[in-house]
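Enquirer: Turn this into a structure:
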Amino acid sequence: YKPEIDGFEHFSPIDGPSQNFLGEQFTNTFVDIEQDLRNDSLLWLGQNDKLFLFNKYSKSFTLILDSVNSYRSIYLHPNGNLYLAEGQGIVRVLNLYSKKIIARAQIDPKWSLRNFFHKSNNELWITANAGLAVLDLTTNEITSKMVNDSKNKIYYDIDYLDEKGRIWAGTIVGMRVYDPLASQFKNYQYEASQETNYYITEDVVEDPNTGILYMNVFSGDGLYAFDKAKESWSVIPPPPDYKRGSFFGRGSLWSKRDNRLLILSPGQIYTLSPDKKSMVPIKSKVNLANRDRWFNFFEDHLGKLWLVGEENGLVRIDIHTGEIDTLNQYMPKCTEARFRVAFYQDRMLNVWLSGCNGHMVYSYEKDKFYTFTYKEGQENTNTFFRIRGFQEDDQGQIWLTSDDTELGIAYPENPEKGVIKKFPLKEWILSDSTKIRKNIGTEVNWLAEVIKDDAGNLWLLSQAGLIKFNPTTFAIEVYDQDDGLQIFD
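Expert: Next comes the predicted model:
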């Protein structure tokens, strides 16, 4: 369409000045057009069985590909490749510089492909008569498919992609929307209970050899084991001297030194029997039963156990040699009932510990404790009132979570400085000042555990749900009951 004449001008390979390929009559229909990203005078034109390059100024056609298996659409990507959707579910990749096909992928011979849509920097959505597929642009392979289910009247299509990456599709009964950020979590319950007492999972530990998850449950019937492969539960009963519901598992961990599970009770450390069907006391040169009521513990790189108790506070023991280090003088006494100290050891072998009022760091290199006490009414720039977790990110920074709904950063190289920076996560989620990709406006009242996944994201536990935080881009996603998560205590 030319506005100056308020009319259309028609172009065809038959009428164009390039005549070297006109040995046949061109009756095929053009199905798609893409603007060249390097030269705005060029257009890529997909015909039913041919691919052309059209120069808008010289009004000439150049044949790029012939005898194509029925084009459906084309997509020009900034990576320098042109993606061609063909018949029989075939995707071919044309390099714009060499003008040669460099890759080929096939979804399914029965799939009739339609259009490409942007999914991420390295992925494309592909629509088809049978559903949706995802093409990985780094491997040029189909990585996933969402297949239509006509029996249950479930159909996948894309009519519009909004700025949040949500897919909108029109149907005969209205609009359907698909949010790729909305993951549905699957819950596994050992049993449904209407009892009024609390069953609180203190922690979850994975056996690195079998993948079985072990859960210490406060006021439970013992140690709960979940086999991920079989999706089945089992219960390991408490030691014989405990009655039903009286085994208060304070914590558990997988000992790298001994390659076994350690389970902490208020007065003893247990492990699993060889057949893993019962709990037995560990053999130790330290008598723990008469020393304290233990809350939780941690194993450092030397295999020494750090324990926090009601009376003695912080101690470090070697169960093999009987060595005991009383460290209570470095940890202010805590008046909070059942306070669980958060332990973490970083790449510099510093041990980070949370306290009721601040935090501590022990440097193995300098054999020295650094104590950061939170003082009411003061600025407290280097610590928080209640710290609940520590985690080192891929950049080597230590992230701290707190009851204040703030995040903090510290550096393993300078443990003596404490918290260097603070970030108001609660304010971020309530505003649009950062990249809230999911559930903006969610009220977050506290932050607890923090852990890093294989992609470098930090996952934070809060009363609002699970918060996925990218420490590089500061993008945030909040997952809650709408994503299948059960209510958080």
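Enquirer: how about the strands in the stretch 301-450 of the chain?
Expert: Listed in chain order, the strands of the stretch 301-450 of the chain (DSSP state E, counting those that start in this stretch) span residues 305-309, 314-317, 324-326, 343-345, 351-355, 358-363, 368-373, 387-392, 398-402, 407-410, 421-423, 436-438, 447-452.
Enquirer: Could you list the buried residues of the last one?
Expert: What that stands for is strand 447-452. For strand 447-452, a neighbour-count test (16 or more other Cβ atoms under 10 Å) marks 447-450 as buried. Every residue, glycine included, has its C-beta placed from N, CA and C.
Enquirer: next one: the third one
Expert: Neighbour-count burial for strand 324-326, with 16+ other Cβ under 10 Å as criterion, is recorded at no position.
Enquirer: Direction included, what does that strand pair up with?
Expert: Using DSSP bridges, the strands paired with strand 324-326 are strand 314-317 (antiparallel).
Enquirer: pLDDT of the partner strand, averaged?
Expert: Confidence over strand 314-317 (mean pLDDT, whole number) is 91.
Enquirer: now the buried residues of strand 447-452 in CSV, with pLDDT and distance to residue 399?
Expert: Written out in CSV, the entries for those read as follows (pLDDT from 0 to 100; distance: Cβ to Cβ, whole Å):
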residue, pLDDT, distance to residue 399
447, 82, 10
448, 85, 13
449, 88, 12
450, 93, 6
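Enquirer: quick check: mean pLDDT across the helix or strand residue 168 falls within?
Expert: Following DSSP states H and E, the helix or strand that holds residue 168 is strand 167-171. Strand 167-171 shows a mean pLDDT of 82 in the predicted model.
Enquirer: neighbouring contacts of that strand?
Expert: Among residues not part of strand 167-171, those counted as contacts by Cβ atoms under 8 Å, 6 or more residues apart in numbering are 117, 125, 155-162, 175-180.
Enquirer: what do you get if the cut-off is 6 Å, keeping everything else the same?
Expert: 157-160, 176-178 (Cβ atoms under 6 Å, 6 or more residues apart in numbering).
Enquirer: just the buried members of those residues?
Expert: The neighbour-count criterion (16+ other Cβ under 10 Å) marks 157-158 among the contacts of strand 167-171 as buried.
Enquirer: Could you count how many residues lie near the nearest residue to residue 175 once chain neighbours are set aside?
Expert: Of all residues beyond its chain neighbours, the one nearest residue 175 is residue 168 (6.0 Å), with distances taken as Cβ to Cβ, 6 or more residues apart in numbering. Residues lying near residue 168 (other Cβ atoms under 10 Å) number 14.
Enquirer: Identify the bridge partners of residue 168.
Expert: On the basis of DSSP bridges, residue 168 is bridged to residue 160, residue 177.
Enquirer: what about it, distance to residue 95?
Expert: With distances defined as Cβ to Cβ, to the nearest Å, the gap from residue 168 to residue 95 amounts to 33 Å.
Enquirer: With residue 187 instead?
Expert: From residue 187 across to residue 95, the span is 47 Å (Cβ to Cβ).
Enquirer: And those two? Which one has more around it.
Expert: Set residue 187 next to residue 95 and count neighbours by other Cβ under 10 Å: residue 95 wins out with 14 against 8.
Enquirer: For that one, list the residues it contacts.
Expert: Taking Cβ under 6 Å, 6+ apart as the criterion, residue 95 is in contact with 81, 102.
Enquirer: what's the distance between it and residue 55?
Expert: Using Cβ to Cβ, we find residue 95 at a distance of 20 Å from residue 55.
Enquirer: for residue 8, same thing?
Expert: Taking Cβ to Cβ as the measure, residue 8 and residue 55 are separated by 19 Å.
Enquirer: Looking at those two, which is more packed in?
Expert: When residue 8 and residue 55 are compared for neighbours, residue 55 comes out ahead with 17 against 7, by other Cβ under 10 Å.
Enquirer: Tell me the confidence at that one?
Expert: The per-residue pLDDT reported for residue 55 equals 94.
Enquirer: Run through the bridge partners of it.
Expert: Each beta-bridge partner of residue 55 is listed here, defined by DSSP bridges: residue 42, residue 60.
Enquirer: returning to that earlier point: among the strands of the stretch 301-450 of the chain, which is nearest residue 30?
Expert: In terms of Cβ to Cβ, the element of the strands of the stretch 301-450 of the chain nearest to residue 30 is strand 436-438, at 37.6 Å.
Enquirer: what pLDDT, on average, does the closest one get?
Expert: Here the average pLDDT along strand 436-438 is 57.
Enquirer: Check stretch 345-360 too.
Expert: 94.
Enquirer: Can you point out the buried residues in it?
Expert: 345-346, 348, 350-360.
Enquirer: Residue 47: which of the residues you listed is nearest?
Expert: Proximity of the buried residues of stretch 345-360 to residue 47, judged by Cβ to Cβ, is greatest for residue 346, which lies at 60.3 Å.
Enquirer: and that closest one, what does it touch?
Expert: In this structure, residue 346 makes contact with 392, 412, judged by Cβ under 6 Å, 6+ apart.
Enquirer: Tell me the spacing between it and residue 303.
Expert: Going from residue 346 to residue 303 by Cβ to Cβ gives 17 Å.
Enquirer: which intervals of the stretch 301-450 of the chain have sub-threshold pLDDT?
Expert: Segments of the stretch 301-450 of the chain classed as low confidence (criterion: pLDDT under 70) are 332-333, 335, 337-338, 429-442.
Enquirer: Same check on the stretch 1-150 of the chain?
Expert: Applying pLDDT under 70 to the stretch 1-150 of the chain flags the ranges 14-28, 68-69.
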